[in-house]
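Asker: Got a predicted model here, sequence first, then my questions.
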Amino acid sequence: MLLDAHSRPVKDLRISVTDKCNLRCRYCMPEEGVPPRRHEDLLSLEQLAEAARAAVGLGVTKIRLTGGEPLVRHRELSKILPRLSQMNVFSMVVTSAVIRVPLEWMSIPRVRVAVSIDGLPSTTTSAASPPPTRRS
Ligand code: SF4
């Protein structure tokens, strides 16, 4: 079992599947973006599944898939989400929804999609949370 610094069991795991994102939220990303990573430096589908399997074996019950914008890898996520579901783990994809969420994900057991308000039109964001800017 995984324990945190206070000896509490770790049940949640966050896996960042990409550093790419079209938005530029001030608290996350510099205006000019970040130097892009090579695709081969990212976890492959198999590595993702292996990391998830190991984490589940250590007691993790929920995996959040984030980025950047995880939907830039939506084709790969469409393959990994059913595999995570078979591991009996809850998966949550956290997206700004600037890319359409594949509808078929809604029928995969134990899969949820959380839409971050960062993707909302700027008229609905407050001054305390400055609107993100999109790449032109
Ligand atoms: S949408 Fe998310 S990943 Fe993209 S810049 Fe904003 S906070 Fe960062």
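Answerer: Cool, the structure landed.
Asker: Run the chain-centre distance for stretch 13-33.
Answerer: 11 Å (CA atoms, centre = their mean, to the nearest Å).
Asker: What is the burial count for G68?
Answerer: By other CB atoms under 10 Å, 21 other residues sit near G68. To be clear about C-beta, it is placed using only N, CA and C from the backbone, and glycine gets the same treatment.
Asker: Now do the contacts for it.
Answerer: Neighbouring residues of G68 by CB atoms under 8 Å, 6 or more residues apart in numbering: 16-21.
Asker: Do I have it right that L71 meets I99?
Answerer: Yes - using CB atoms under 8 Å, L71 is in contact with I99, at 3.9 Å.
Asker: Please say which of these two ends up with more neighbours.
Answerer: Neighbours were counted for L71 and for I99 using other CB under 10 Å; L71 has more, 25 against 15.
Asker: What values do phi and psi take at the more buried one?
Answerer: Per-residue torsions, L71: phi -70, psi -10 (degrees, to the nearest 10).
Asker: now it: how far from L23?
Answerer: 12 Å (CB to CB, to the nearest Å).
Asker: what's the overlap in contacts for these two?
Answerer: The contact sets of L71 and L23 overlap at V98 (CB under 8 Å, 6+ apart).
Asker: mind listing which of the contacts of G68 are in strands?
Answerer: S16 (DSSP state E).
Asker: Separate out the buried members of the contacts of G68.
Answerer: Among the contacts of G68, those buried by neighbour count (16 or more other CB atoms under 10 Å) are 17-21.
Asker: Closest one to V115 out of these, please.
Answerer: When these are compared for distance to V115 (CB to CB), C21 wins out at 14.1 Å.
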